[in-house]
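Undergrad: let me see the structure of the following:
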Amino acid sequence: MSISPSTLLALQKAGEGLHTAREAFAQEVQSNAGRVVGIVASEPFSSEADRAYAQLRAVARMAHELQSIEEQLKTMYGGAAEMMQPETPVIVALPDHGRRSHAHQGAGDLDEAEDVVVKPAPRRQSLKTKPLRKRTKETASQPQRLSSNDEKVLAHLKKVLDRRSWVTLTQGTIAQGAGIPLGSVGLAMRRLVAAEAVRERGKGTYRLA
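TA: Prediction:
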């Protein structure tokens, strides 16, 4: 079983929305904390102080729960990304479907179908096969190209990591420091490790290469 790119994109969008909601709740906690402190300082035994403190705790609890859900969704995204279905076999199989559809034509059209499909087929196949082999050889000899998100993550990691010691980082921390969606962090880190720009030891422990 494999995961389609559209499904993976939907999971990424869900992670982005969850990340935005968690940051909004965290800002609510920070903005209301000062107000609650002022109420408690001026009227420590009033019902208003008790109510404001209880509401602040409820909002803080929601922010914490959203962070836990975000970490779970991050793990789900990483697993789904590894199951994403390849697109190349589908493209290669398309000419086969065309030949099978022509094969089902009537006996009276058989000669015409052979003229249309069988004769041009070797030319189309040769045009696709030669560039494909050339791109494969060139790709094997060149380093993996990094995306803009990869570059942002690498720039952030150069500020917080060095080549001498290992540092444990969560994907939420990396997403916030690099300024990218949380759902894009896992793929960016795998590309950086594959490009040997960053080294990984265990889960979430990194240093510069």
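
Undergrad: check which helix or strand Ala60 maps to.
TA: According to DSSP states H and E, Ala60 maps onto helix 47-82.

Undergrad: buried residues, stretch 8-20. List them.
TA: By neighbour count with 16 or more other Cβ atoms under 10 Å, stretch 8-20 contains the buried residues Leu8, Leu11, Gln12, Gly15, Glu16, Leu18, His19. Quick note: C-beta positions are derived from backbone N, CA and C, even for glycine.

Undergrad: any idea how far Ser68 lies from Ala60?
TA: 13 Å (Cβ to Cβ, to the nearest Å).

Undergrad: leaving out the residues flanking it, which one is nearest to the residue nearest to the spatial centre of the chain?
TA: Nearest residue to the geometric centre of the chain (Cα atoms, centre = their mean): Ser184, 3.3 Å. In this structure, Ser184 finds its nearest non-sequential neighbour in Asn149, 4.9 Å apart by Cβ to Cβ, 6 or more residues apart in numbering.

Undergrad: residues in contact with Leu154?
TA: Leu154 makes contact with Leu146, Leu192, Ala197, Val198, according to Cβ atoms under 8 Å, 6 or more residues apart in numbering.

Undergrad: in a markdown table: those, plus distance to Thr170, neighbour count and pLDDT.
TA: As requested, the contacts of Leu154 are exported to a markdown table (distance: Cβ to Cβ, whole Å; neighbours: other Cβ atoms under 10 Å; pLDDT from 0 to 100):
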| residue | distance to Thr170 | neighbour count | pLDDT |
| --- | --- | --- | --- |
| Leu146 | 22 | 17 | 84 |
| Leu192 | 16 | 23 | 92 |
| Ala197 | 19 | 19 | 91 |
| Val198 | 15 | 20 | 92 |
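
Undergrad: kindly reformat those as a markdown table containing secondary structure and distance to Gly177.
TA: Formatted as a markdown table, these follow (DSSP: H, G, I helix; E, B strand; the rest coil; distance: Cβ to Cβ, whole Å):
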| residue | secondary structure | distance to Gly177 |
| --- | --- | --- |
| Leu146 | coil | 17 |
| Leu192 | helix | 14 |
| Ala197 | coil | 16 |
| Val198 | strand | 14 |
